Every structure is written in C-alpha cells, then in structure tokens.
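Engineer: I need the structure of the sequence given here:
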Amino acid sequence: MSKRDQTVIWAKPISNSRYSERGPRTQPPLCSSLNDPDESWNVSLKSCITPYSSSEYSIQTLSDVQCI
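Structural biologist: Reported below is the predicted structural model:
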C-alpha cells in the first residue's frame, strides 16, 4: 500500500498469507465467503477485503501475452 496526501493505492496480494497474519480485530475485516466479489449492479459497497482466490485468476507474464 502506498500513501501520499489523501491518495492511497492498494495492491492486492497474490496469496492469502498476509491475511492469515492479521489480528482478530484488524480493520478492514475480510469479506464473508457469502459475498460475491464479481457483483457489480445495485450492490452496496462493503468495507471489507476480498480474500485472493487462485482458482478464479491466473497471473500472466509478459511472455504469455501475444501481440498482434
């Protein structure tokens, strides 16, 4: 995470190892497993962090990307 003035940039980690190190009352809390992180329409914002799911995403390296 990077902070400057009133701007904060959050970089989501590529594993849940940091989340398991958090204390029990650390804010913001982790989102419930019932929350769908891909919902986008008519959904109230929640003050929580969605845990990383390796089954949903894959990391592509520059060599994996093909240019036209």
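Engineer: point out where this protein drops to low pLDDT.
Structural biologist: Flagging of the chain using pLDDT under 70 yields the residue ranges 1-3, 54-68.
Engineer: let's see that with 50 instead.
Structural biologist: Across the chain, the stretches falling below the confidence threshold (pLDDT under 50) are 57.
Engineer: which stretches of it form strands?
Structural biologist: For the chain, applying DSSP state E gives strands covering 2-4, 7-9.
Engineer: for the residue nearest to the spatial centre of the chain, give its distance to Q27.
Structural biologist: When C-alpha atoms, centre = their mean is applied to the chain, the residue found nearest the centroid is K12 (4.4 Å). Counting by C-beta to C-beta, to the nearest Å, the gap between K12 and Q27 amounts to 17 Å. Just so you know, the C-beta spots here come from the backbone N, C-alpha and C atoms, and that holds for glycine as well.
Engineer: same check, this time on W10
Structural biologist: The gap separating W10 from Q27 is 14 Å, by C-beta to C-beta.
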